[in-house]
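> need a structure here:
(2 chains)
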Amino acid sequence: MGQNESTWTASELVYLFVDGEADDVQKTQLFGALANNSDLQAELADAIRINAAVRDETANAAPPAGVTATLFERAGIGVAAGSSSAPVVSGVVGGGTAAGVGLLMRKFGLPLVTGFLGAVLALFLVPEIGFFQENSGGRVAEQPRLASAQVESSRSTDNVQSPSTTGPRGERERGLKRGQQRFGMGQAVADRTLSEFSTSSVAQSSSDGFDRVELTTQPNGIASSDQSSVLFRPELLQVLPHQAINSASLISSTDREISSRVPRLTETSVSGSRFHFSTQIRGILGLETFPNRSLENGKSAPLENLALTAFWHPSEGHAFGVEVGRERHPLYVQNDPADDSGVIFLAINGPDRGSLDITITSDPNDLTGLGNGRNSQDLSNVGNVANTESGSTVASDTINGYRLEPIVEWVGLAYQFKAGAIDSRGAIRPYVQTVVGATQSGPIGKATLGVAWKPEDRISLGVGVEGTSLFYRRDGEWFSSRKVGATYSVQVEF
Amino acid sequence: MSDNFSRYSDSRLFALLREEPKTKDQAFAELYARHSSRVWLYCLKIMGDRQSAEDMFQGTFLRFLQSATVEREMSNVPGFLLRIARNLCLNAKQKMRPITTSLEELELPVEEHPVEARELERLVSTALDLLPEEHREAFVLQAYNGMSYKEIAEMIDRPVTTVRNRVVRAKKKMREILAPYLVDYRE
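Numbers count the residues shown, from 1 in each chain, chains lettered A, B, ... in the order given. Next up, the predicted model:
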């Protein structure tokens, strides 16, 4: 096919026509040829079908949400793509009646206030949290952004040569070995502060819009790429690798020139946890116990039903910690009317689950206490009593139930796993948390399933469902009492 | 706020990328919403594999954002984006070991029944790999990115006649590859 437009064949004109690039003369020429040429007609039909297939794919094409989220995080952009359609976090009680709001406040008011106070306390205890950082003289916590302000501009890419670039290759390689840093393809260098690098400069080319940032090695030879692109984050300097610069076999003047203008942008550790420790304050709302007894719930005193956990984050998503907590743990006491021994046998969580060192006889003074938790030595001091007064004589032929709510205190080990984000902004992550610990009466186990929302870089707010099993031993046998509750938490990373 | 941004021109939004962070973020999000699809398609079709396409796509927008720190007139944002994407993709492909696939080696699915429209999309994508680089790029820019021959010529800095030749040859080759499947449509 020649370059001259007059040399187009009828077959080639088909594609010009389908692409909307044929002029009137070419269209006339094509239609004339089509009239008596079935092969040409088939070619036109095929060209139209191929175009239609491409058009359909184009209409449905969009970058994957994960790619968008990663890009926005890397670019330090604080809004989701298509901001007008970004998800809006609405209030839990939005649209509810005033009575409903009042009910919710009565039910959750105290825990919410407690959680809020805990968060405020944590904010003051951890000095590097963003809200107070500027006043405290710490590093300014700003959103990560591309480096630009502190570098010097130049229009010439050829005039900018760092000392290590112009030095012998062997010397450059020795420098890399000394620092144990070899910037391989796809490898990002994180956890390195800006102070490790001595100078930087940027060369910008207006023709292609590319910027180049050069980093030179400090005299101590810690290591650096001789030419790399950088992204700044509050704590980290992200050095993005250069394939040609760092692969000895590819180093040549041509490759270096190409690669210096077009570095491969790769960042692998931005999404990783940047903080190694965190504390979590968790409130627990009792919802149900098993087996269920329709007895009135007791009132919680302030600061009851709280857990405090200190976590260590060895890797992204995983955290191990130590937890202390206290929680009202309902224990149900019920007599067994089938027992005609004259002694009313009170059992925990039903007659078939064994008792917990409680016996009540017809003599109200013959009472042994509950060996579980605090407030347990005297029935007159424990929780609510249904059907009868504590310590009184109860009839053996009726079912009498007591709800005892001793406070269980525990110390345990915790593990938390946070899964990947489920929203486009990467702020909402499901999590699982487990605790294994010890109480005054026996071991305790907890498991929480919830979601955490990260409104700020260091703070996560979580809600979830928590199951608890408390184990206790009586007469050589193990028994358990179980509880399901709702949790709310504030976790602060530092 | 975002509604206001949606009414701004590309040039205005590009200028806002130098403003304070909140404004910059909104402007970038709006530009991204407008042009990300075509950049994504370009990277995907030129690179041929998803991982490389993701790298090039993200690199394109990071470069774009970085370039906005310098004051400059920007009359054609999508063209600028595609030019960045093109440079990134072509350089990345230069560094890759060339992979050649012959028509005989290409494993297109054997269909006993007429191919559906979605399958034809997939076949076209697969057949793209058989086109020479220059022809593939011309095809992608014209067919997937909806650019005219003249726009492509300006972007790749080649004469319009060269672009025409490449597009037409690419499409004829594409039809030749897909001929066994297109027969089903004609029947």
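
> check which helix or strand covers B:Leu44.
helix B:21-47 (DSSP states H and E).

> which residues does the residue nearest the centre of chain B contact?
The residue lying closest to the centre of chain B (C-alpha atoms, centre = their mean) is B:Tyr42, at 1.5 Å. The neighbours of B:Tyr42, taking C-beta atoms under 8 Å, 6 or more residues apart in numbering or on different chains as the test, are B:Leu82, B:Ala85, B:Arg86, B:Cys89, B:Val140, B:Leu141, B:Tyr144, B:Asn145. Any C-beta I mention is one placed from the backbone N, CA and C, and that applies to glycine too.

> ok, and of those residues, which contact chain A?
Under the cut-off given by C-beta under 8 Å from any C-beta of the partner chain, chain A has B:Tyr144 from the contacts of B:Tyr42 close to it.

> just the contacts of B:Tyr42 now: which is nearest chain A?
B:Tyr144 (5.6 Å; C-beta to the nearest C-beta).

> is chain B within reach of the helix or strand where A:Thr28 lies?
Per DSSP H and E: A:Thr28 is located in helix A:24-34. No - Helix A:24-34 lies out of reach of chain B by C-beta under 8 Å from any C-beta, never closer than 11.1 Å.

> beyond that helix, next helix or strand please.
helix A:38-60.

> list the buried residues in the helix or strand just after that following helix.
Using DSSP H and E, the helix or strand that follows helix A:38-60 in sequence is helix A:65-75. For helix A:65-75, a neighbour-count test (16 or more other C-beta atoms under 10 Å in any protein chain shown) marks A:Val67, A:Thr68, A:Ala69, A:Thr70, A:Leu71, A:Phe72, A:Glu73, A:Arg74, A:Ala75 as buried.

> skipping adjacent residues, who's closest to the residue nearest to the centre of chain B in space?
Closest residue to B:Tyr42 apart from its sequence neighbours, by C-beta to C-beta, 6 or more residues apart in numbering or on different chains: B:Ala85 at 5.3 Å.

> try B:Arg38
Distances taken as C-beta to C-beta, 6+ apart put B:Asn145 closest to B:Arg38, at 5.1 Å, once the chain neighbours are dropped.

> again, but for A:Leu71
With C-beta to C-beta, 6+ apart, the residue lying closest to A:Leu71 is B:Gln58, at 4.7 Å.

> re earlier: next, count neighbours for the residue nearest to B:Arg38.
Using other C-beta atoms under 10 Å in any protein chain shown, B:Asn145 is surrounded by 20 other residues.

> now do A:Val463
A:Val463, neighbours per other C-beta under 10 Å, totals 14.

> where does it sit: helix, strand or coil?
Look at A:Val463: counting by DSSP: H, G, I helix; E, B strand; the rest coil, its state is strand.

> beta partners for it?
A:Val451, A:Tyr488 (DSSP bridges).

> wait, is B:Gly146 part of a strand?
No - secondary structure of B:Gly146 (three-state DSSP): coil, not part of a strand.

> do you know the pLDDT at the residue nearest to B:Tyr42?
Confidence at B:Ala85, expressed as pLDDT, is 91.

> my read is that it contacts B:Phe57, right?
Yes - if you go by C-beta atoms under 8 Å, B:Ala85 and B:Phe57 touch, sitting 7.3 Å apart.

> find the residues that touch each one of the two.
The contact lists of B:Ala85 and B:Phe57 share B:Val39, B:Cys43, where a contact means C-beta under 8 Å, 6+ apart.

> on that earlier part again, for the residue nearest to B:Arg38, grab phi and psi.
phi -100, psi 0 (degrees, to the nearest 10).

> who are the neighbours in contact with it?
B:Arg38, B:Leu41, B:Tyr42, B:Leu82.

> from those, which single one is nearest chain A?
B:Leu41 (4.8 Å).

> the closest one - how many residues pack around it?
By other C-beta under 10 Å, neighbour count at B:Leu41 equals 24.

> point out where chain B drops to low pLDDT.
B:1-3, B:96-118, B:184-187 (pLDDT under 70).

> and it, split by domain according to the record?
Structural domains assigned to chain B are B:2-95, B:117-186, following automatic domain parsing.

> is it true that A:Arg49 touches B:Leu120?
Yes - using C-beta under 8 Å, A:Arg49 is in contact with B:Leu120, at 6.8 Å.

> which of these two has more neighbours?
More crowded of A:Arg49 and B:Leu120, by other C-beta under 10 Å: B:Leu120, with 23 against 20.

> separation between B:Arg169 and chain A?
As judged by C-beta to the nearest C-beta, to the nearest Å, B:Arg169 and chain A stand 7 Å apart.
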